[in-house]
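**Q** Kindly return the folded structure for what I paste below:
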Amino acid sequence: MTDESVFPHPAYRGTVLAPLFEGVKAHFVEPIRAINQAHLVMLNKTSILDDKVSAKIANALRDIDETLNVDSLEYTGEYEDYFFLVEAELKKRVGPDVGGALHTARSRNDMDHTVFKWVLQRRTDGLIELATSLCEAMIEKAKAENDTIIVAYTHGQPAQPSTFGHYLSAAIEVLLRDIVRLQSARELLNKCPMGAAAITTSGFSIDRQMMADLLGFEEPVENSYGAIASVDYVTGLYSSIKLLFLHLGRLVQDMQFWSAFEVGQIYVPNSLVQISSIMPQKRNPVPIEHLRLMSSLTVGRCDMVVNTAHNTPFTDMNDSEGEVQQSGYAAFESGARVLQLLAAFLPAISINTDRVRKTIDEACITVTELADGLVREEGLSFRQAHEIAAETSKAVIAENASLGKGYDAFLSAFEKQVGRKTAIDENKFKKLVSAENFIEVRDRFGGPAAAPLAAALSKYEQQLGAAKAKSAHYATRIKNADASRAAAFAQLV
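**A** Numbers count the residues shown, from 1 in each chain. So this is what the prediction gives:
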C-alpha cells in the first residue's frame, strides 16, 4: 500500500520529480555549482558568513564536485530534487548548522531563474554565432553573384529580371534584423535574478551587483518580484527565435520552387542531391525539404514555449520552470541544424543561366522597361507607353518569340497608339528590352544595379561586424566572470 502521508507520492515522484531530476543532470549542474560558489563568495565578502564557516563550506563544495558522480545518480525520492541532494551532501561533510548556512538570503526561486538565464545565455550566444556565420556566407555569395541574372517572381509567376546578389541581399536584410531581435532578447538575459530570494529580497546585507558580476551578468533585475515572476525573458527570446526561422523558411520555400524541374532556376550540386531508388533520372534536392521541415519544427517548438505562458498567473510558477525550459532547448537544436545546413547549401548552389534566359524570353519580363523607355525616349505618358508595351508583348508571345525579336510588332503598336513613327531603331529596341539594360538602369538606392548593390553589401558587412562585436562582448564578460569567480572561490578554500 502507498503511504499517502509521506512525500513524494510514487506517482508524483515518477511523473514529475524523476524527469525533472534527469533534466537537471543534463542541463543545470554547472550553473548550480557556479551559483553556489558565487553566493558563498558574496556572503563572505559582505561579512554575512565569516572566513572560518566560508572555508568549511568551500572545501565541502569542492569535495562534492570532485567525488559526486552526477551522471550515475538515479532519482530515489529521498530528496525532493538535486538542490536538496547537494544541500544534504554539504551537511554530511560540515554538519547541519554550517551546511545550512549557504542558503542564507537566497531561495530556489531566484536560483531557478538564474540557472535558466545562465543556460539560455549560452544557447542563445551559440545560435547567434551560427546566424552571423550564415549571414557572412550569404554576403559573400551575394558579392559573387552580384551580376548573375535571375527571374524574380511575384504571385508564383515570372515578373522582372534581377540578380541573385540582389535577391540574397533582401534576405540578408531580414536576417540582420532577426539577429538584432535576437540580441535584443539576449539583453534581458543579462539581468541577474539572484538576491530576489523568494519574492522580496532579504533582510541580510547582500550585494546583488556582486552576484551579477560573479555570474557574468550585467546587473541585477531591479524589481525582486519581477525577478521571479516576469518570464518575458523566455517569451521574448523564443518569439525572436521563432521569427528567425519563420523568415528563413520563406527563403527555403523559394529554393524549393526554384529547383523544380518546370522552373529550373537553380542547380543543386550532386553532393546535396539524392537519387531516387526506383527512378534513376530523378535528382531530389532533399536538403531543401529538411531545411523547411526543421525550420517549421523550430517555429512550432518556440510556439510551444510561448503558449505555455498563456493565461498563467504573474508569480513564480512551474509553468515557466524546469519542464518548459528543458522542452524549449529542442528549438535551439533544430534551429542550429537549419543554420548550419543553409550556410553550406546557399554557397553551393548556382543559377541555371540558360533556363533563366529561356524564361525571360518566354515571359517577356523586361517589357516594363520598354514602357519606361518610351516615356523617357519618346515623351509619352506612362499609360500610353504601357499600351504599346502590352500590344508588343502579346504579339511576340503569340508567335512564341522573344521580346528582343519583336521590333516589327513594336513598330506596329507604336504607330497605332501614337499616330507616327518611333525614333527608336532596332538596335536601341533590343538594348531597351534586354535583361542587362533592365538591371543597369535600376541604379537607384536599393536597386539591383552594381553601384547600389555594392553599397548595400558594404553596409550589411558593417552591421554584421557590429553584431559580432556585441557577441564578443558577451563572451568576454562570461569568460572574465568565470575566472573571477573561480579565483574568489579558491581564496576561500
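**Q** hey, which helix or strand in the protein has the poorest pLDDT?
**A** Scoring the helices and strands of the chain by mean pLDDT, DSSP states H and E places strand 274-275 at the bottom, with a mean of 84.
**Q** who does the helix or strand just after that one pair up with?
**A** Scanning forward in sequence from strand 274-275 by DSSP states H and E, the next helix or strand is strand 283-284. Applying DSSP bridges to the sheet, strand 283-284 is found paired with strand 274-275 (antiparallel).
**Q** list the contacts for the closest residue to Leu380 other than its chain neighbours?
**A** Leaving out its chain neighbours, the residue that sits closest to Leu380 by C-beta to C-beta, 6 or more residues apart in numbering is Leu374, at 5.0 Å. From N, CA and C alone the C-beta is placed, and that goes for glycine too. By C-beta atoms under 8 Å, 6 or more residues apart in numbering, the contact set of Leu374 is Leu380, Gln384, Ala385, Ile388, Ala389, Phe414, Ile424.
**Q** Count the neighbours of Ile397 for me.
**A** 16 (other C-beta atoms under 10 Å).
**Q** how close does it sit to Ala390?
**A** Distance, Ile397 to Ala390, using C-beta to C-beta, to the nearest Å: 11 Å.
**Q** now do Asp482
**A** According to C-beta to C-beta, Asp482 stands 68 Å off from Ala390.
**Q** and what of Met279?
**A** Plainly put, Met279 is 42 Å away from Ala390 if you go by C-beta to C-beta.
**Q** which one of those two has more residues nearby?
**A** Higher neighbour count among Met279 and Ala390: Ala390, with 16 against 9, using other C-beta under 10 Å.
**Q** a helix runs through the more buried one, doesn't it?
**A** Yes: Ala390: assigned to a helix according to DSSP: H, G, I helix; E, B strand; the rest coil.
**Q** give me every residue that touches it.
**A** Ala390 touches Val367, counting by C-beta under 8 Å, 6+ apart.
**Q** any idea how far it lies from Ile365?
**A** Counting by C-beta to C-beta - Ala390 and Ile365 are separated by 14 Å.
**Q** Same question for Val24.
**A** For Val24, the distance to Ile365 equals 59 Å [C-beta to C-beta].
**Q** ok, these two, which is more surrounded?
**A** Set Val24 next to Ile365 and count neighbours by other C-beta under 10 Å: Ile365 wins out with 24 against 21.
**Q** how about the more buried one, secondary structure?
**A** coil.
**Q** how about Ser162, secondary structure?
**A** Once three-state DSSP is applied, Ser162 turns out strand.
**Q** per the record, what domains does this protein have?
**A** 10-104, 109-353, 367-433 (automatic domain parsing).
**Q** now those as TSV including distance to Gly447?
**A** Shown next, in TSV, are the domains of the chain (distance: least, C-beta to C-beta, whole Å):
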stretch	distance to Gly447
domain 10-104	48
domain 109-353	8
domain 367-433	13
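**Q** Then the residue nearest to Leu380 would be within a helix, right?
**A** Yes: under three-state DSSP, Leu374 sits within a helix.
**Q** State the distance from it to Leu215.
**A** 68 Å.
**Q** Point out where the stretch 1-150 of the chain drops to low pLDDT.
**A** Applying pLDDT under 70 to the stretch 1-150 of the chain flags residues 1-3.
**Q** ok, 90 please
**A** Applying pLDDT under 90 to the stretch 1-150 of the chain flags residues 1-10, 21, 76-81.
**Q** can you pull out the helices in it?
**A** Ranges of helices in the stretch 1-150 of the chain, per DSSP state H, counting those that start in this stretch, are 10-12, 18-27, 29-45, 51-67, 82-94, 96-100, 108-144.
**Q** In JSON lines, list those along with distance to Glu436.
**A** Below are the helices of the stretch 1-150 of the chain laid out as JSON lines (distance: least, C-beta to C-beta, whole Å):
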{"stretch": "helix 10-12", "distance to Glu436": "72"}
{"stretch": "helix 18-27", "distance to Glu436": "55"}
{"stretch": "helix 29-45", "distance to Glu436": "58"}
{"stretch": "helix 51-67", "distance to Glu436": "67"}
{"stretch": "helix 82-94", "distance to Glu436": "66"}
{"stretch": "helix 96-100", "distance to Glu436": "78"}
{"stretch": "helix 108-144", "distance to Glu436": "18"}
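**Q** Of those helices, which is nearest Gln326?
**A** helix 18-27 (4.4 Å; C-beta to C-beta).
**Q** for the closest one, which positions count as buried?
**A** Judged by neighbour count using 16 or more other C-beta atoms under 10 Å, the buried positions of helix 18-27 are Ala18, Leu20, Phe21, Gly23, Val24, Lys25, His27.
**Q** now do stretch 96-110
**A** Those would be Val98, Gly99, Ala101, Leu102, Ala105, Arg106, Ser107, Arg108, Asn109, Asp110, for stretch 96-110 by 16+ other C-beta under 10 Å.
**Q** ok, the residues you listed vs Ile206, which is closest?
**A** Ala105 (4.9 Å).
**Q** pretty sure Lys416 contacts Thr392?
**A** No: here Lys416 does not reach Thr392: they are 10.7 Å apart, not a contact under C-beta atoms under 8 Å.
**Q** So between the two, which is more surrounded?
**A** For Lys416 versus Thr392, neighbours defined as other C-beta under 10 Å are more numerous around Thr392 (26 against 11).
**Q** In terms of helices and strands, where is the closest residue to that one other than its chain neighbours?
**A** Closest residue to Thr392 apart from its sequence neighbours, by C-beta to C-beta, 6+ apart: Phe410 at 4.6 Å. Counting by DSSP H and E, the element that carries Phe410 is helix 407-418.
**Q** Show me what secondary structure element comes after that helix.
**A** Sequence order places helix 426-432 as the next helix or strand after helix 407-418, per DSSP H and E.
**Q** between the domains of the chain, which one is nearest to Gly446?
**A** When the domains of the chain are compared (using C-beta to C-beta), the closest one is domain 109-353, at 8.8 Å.
**Q** Quick check: closest non-adjacent residue to Arg123.
**A** Closest residue in space to Arg123, ignoring its immediate chain neighbours: Phe332 at 4.7 Å, by C-beta to C-beta, 6+ apart.
**Q** May I have the secondary structure class of the one you found?
**A** From three-state DSSP, the assignment for Phe332 is helix.
**Q** Could you pull up the residues touching it?
**A** Per C-beta under 8 Å, 6+ apart, neighbours of Phe332: Arg123, Thr124, Gly126, Leu127, Ile241.
**Q** repeat for Val70
**A** So Val70 contacts Lys25, Val29 (C-beta under 8 Å, 6+ apart).
**Q** Just want to check the distance between it and Phe83.
**A** Val70 sits 13 Å away from Phe83, taking C-beta to C-beta as the criterion.
**Q** average model confidence for stretch 293-310?
**A** The average pLDDT within stretch 293-310 is 97.
**Q** Any idea how far that stretch is from the middle of the chain?
**A** How far stretch 293-310 lies from its chain's middle: 13 Å, per C-alpha atoms, centre = their mean, to the nearest Å.
**Q** again, but for stretch 120-138
**A** The answer for stretch 120-138 is 7 Å, by C-alpha atoms, centre = their mean.
**Q** of all the contacts of Leu374, which two lie farthest apart?
**A** For those, the farthest-apart pair by C-beta to C-beta is Gln384 and Ile424; their separation is 14.6 Å.
**Q** what residues does stretch 236-243 touch?
**A** The contact list for stretch 236-243 (C-beta under 8 Å, 6+ apart) reads 120, 124, 127, 178, 181-182, 184-186, 188-189, 298-299, 302-303, 305-306, 328, 331-332, 335.
**Q** and these, which are buried?
**A** Buried members of the contacts of stretch 236-243, scored by 16+ other C-beta under 10 Å, are 120, 124, 127, 178, 181-182, 185-186, 188-189, 298-299, 302, 305-306, 328, 331-332, 335.
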